[in-house]
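[1] Starting from these lines, generate the structure:
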Amino acid sequence: MSEPADCQPLPTRQQPASPRLRIGFMLAPRFTLSAFANFIDVLRLAADDGDGSRPIRCRWTVLSSDMAPVQSSCGIRIETEERLGDPTRFDYIIVVGGLIDGGAGLSPEQNAFLQRAAAAKVVLTGICTGVFALARLGLMDGYRCCVSWFHHQDFLAEFEKMRPVSDQIFVVDRDRLSCSGGVSAAHLAAFLVDRHLGRAAARKALSILMIDEPMAGDRPQPGLPLELTARDPLVRRALLAMQQNLHAPLPIDRIARDLGVGRRKLERHFNADLGIPPADASVRIRLAQARMLLARTDRTVTRIAEETGFCDASHLIRVFRETEGTTPDIWRQERGGAETFAEP
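    Here you go, the predicted structure:
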């Protein structure tokens, strides 16, 4: 696996004996179980021969200040295994986040532990919204950090002076790592396994997990492109509703009602913040998704129209031509996108 060109090498600790990779997990309240499981399963499969799951080549443990189990966002609880102690016994401390409004967040003891780890030059990692916890402590100041497109606006609202990376699956910047969550956690884990245990171990782990190949950190995040950036909280919530209903766009009246405001008030907020009405914003979001699908997939224009809420291929072609000055097929060919297939 290749490392992004603008990233400096990670510090490597000298290990007198195995394991060669030592990781401590810190689970935030209401953390995302899938991100945690994806990451730890890569470690598990790389640590032993076959699928024996013995922590031979690498070791991992779930840390806690009080040894109480931690509840994930789906309700499943994970038992903790060790108290915080000395952070230098680990090569990486990984904070797994989840729901933005998951409660009180990390405890004062956990925050102090992260500060000690940073002072000792232990590599800190934020998975999913775990990077929020690090940023709140000032531990991401001066670093690039990866945030899911889904939480891009939430991050900007809380950290106005930071510019998160939301078009990559993970970011490695010196002694800080971050990833967008979900399956990207498996690819970040494979990156570390490759670095410490070798490429064969990383590929083996991903293959057993039915993941075709390791992805570099600069691979674009799957999902929605970031077409509009809003500061108004009401506008941000409306944009999120539009993004979450691409295939069947909600009427503007319905969005306003769901947000507890009138249509005219919503339109005033959009015009003040973005300079366009909500209906135009909806079209721009869906066109951005259509462009992404044209560039990254071989899906037909008909299917893309269905997935982005246009009436049919003709409707998408007409709106696309008005905006881009050309048809979707020609746009795709000019940008060297996926091979164009004939419409059914």
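[2] Give me the secondary structure label for residue 59.
    strand (DSSP: H, G, I helix; E, B strand; the rest coil).
[3] what's next to stretch 188-204, contact-wise?
    By CB atoms under 8 Å, 6 or more residues apart in numbering, the residues outside stretch 188-204 that reach it are 1, 3, 10, 12, 20-21, 23, 38-40, 42-43, 45-46, 57-58, 91-92, 125, 127, 169-170, 172, 177, 179, 205-206, 213-214, 217. C-beta: built from backbone N, CA, C; applies to glycine.
[4] mind saving the C-alpha coords of the lowest-mean-pLDDT helix or strand in the chain as CSV?
    When each helix and strand of the chain is scored by mean pLDDT, DSSP states H and E, helix 152-158 comes last, with a mean of 82. The C-alpha trace of helix 152-158 is given here as CSV (Å, rounded to 0.1, in the frame of the first residue of the first chain):
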residue,chain,number,x,y,z
HIS,A,152,-18.1,17.7,7.7
GLN,A,153,-20.5,20.5,8.6
ASP,A,154,-20.7,19.4,12.3
PHE,A,155,-16.9,19.6,12.5
LEU,A,156,-16.8,23.1,10.9
ALA,A,157,-19.5,24.3,13.3
GLU,A,158,-17.5,23.3,16.3
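[5] Tell me the helix or strand right after that helix.
    Tracing the chain past helix 152-158, the next element assigned as helix or strand by DSSP states H and E is strand 170-173.
[6] C-terminal to that next one, which secondary structure element comes first?
    Per DSSP H and E, the helix or strand that comes after strand 170-173 is strand 176-179.
[7] partner strands of that following strand, parallel or antiparallel?
    strand 123-127 (parallel), strand 170-173 (antiparallel) (DSSP bridges).
[8] In CSV, list the ones you listed along with mean neighbour count, distance to residue 243 and mean pLDDT.
    Output for those, formatted as CSV (neighbours: other CB atoms under 10 Å; distance: least, CB to CB, whole Å; pLDDT from 0 to 100):
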stretch, mean neighbour count, distance to residue 243, mean pLDDT
strand 123-127, 27, 22, 98
strand 170-173, 25, 22, 96
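[9] So which of these is nearest residue 266?
    strand 123-127 (33.5 Å; CB to CB).
[10] still on that earlier bit, now distance to residue 270 too, for the strands paired with strand 176-179, in CSV please.
    Listed next are these as CSV, based on distance: least, CB to CB, whole Å:
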stretch, distance to residue 270
strand 123-127, 32
strand 170-173, 31
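[11] Out of these, the one nearest residue 155 is which?
    Closest to residue 155 of those, according to CB to CB: strand 123-127, at 10.9 Å.
[12] Can you tell me what sits against that closest one?
    The contact list for strand 123-127 (CB under 8 Å, 6+ apart) reads 10-11, 32, 35-36, 39, 91-97, 114, 117-118, 132-135, 139-140, 145, 175-179, 181, 185, 188.
[13] Just the buried residues out of these, in ChimeraX syntax.
    The buried residues among those can be selected in ChimeraX (16 or more other CB atoms under 10 Å) with this line:
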select :10,32,35,36,39,91,92,93,94,95,96,97,114,117,118,132,133,134,135,139,140,145,175,176,177,178,179,181,185,188
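[14] out of the contacts of strand 123-127, which are inside helices?
    35, 36, 39, 114, 117, 118, 132, 133, 134, 135, 185, 188 (DSSP state H).
[15] Pick the one among these closest to residue 77.
    For these, the nearest to residue 77 is residue 36 (12.2 Å; CB to CB).
[16] Hmm, that closest one is touching residue 26, no?
    No: Residue 36 is beyond contact range of residue 26, at 10.5 Å (criterion: CB atoms under 8 Å).
[17] So residue 331, which state does it fall into?
    Going by three-state DSSP: residue 331 is helix.
[18] Report how many residues lie close to the closest residue in space to it that isn't next to it in sequence.
    Excluding its sequence neighbours, the residue lying closest to residue 331 (CB to CB, 6 or more residues apart in numbering) is residue 324, at 5.7 Å. Residues lying near residue 324 (other CB atoms under 10 Å) number 14.
[19] can you check residue 33 too?
    18.
[20] same thing with residue 186?
    Neighbours of residue 186 under the rule other CB under 10 Å: 25.
[21] Mind pulling up the pLDDT for it?
    In this model, residue 186 is scored at 96, pLDDT.
[22] quick one, strands of the stretch 1-150 of the chain?
    For the stretch 1-150 of the chain, the strands defined by DSSP state E, counting those that start in this stretch cover 21-27, 58-64, 70-71, 77-78, 82-83, 92-96, 123-127.
[23] Distance to residue 320 for the ones you listed - can I get that in JSON lines?
    Output for the strands of the stretch 1-150 of the chain, formatted as JSON lines (distance: least, CB to CB, whole Å):
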{"stretch": "strand 21-27", "distance to residue 320": "44"}
{"stretch": "strand 58-64", "distance to residue 320": "48"}
{"stretch": "strand 70-71", "distance to residue 320": "46"}
{"stretch": "strand 77-78", "distance to residue 320": "47"}
{"stretch": "strand 82-83", "distance to residue 320": "55"}
{"stretch": "strand 92-96", "distance to residue 320": "40"}
{"stretch": "strand 123-127", "distance to residue 320": "37"}
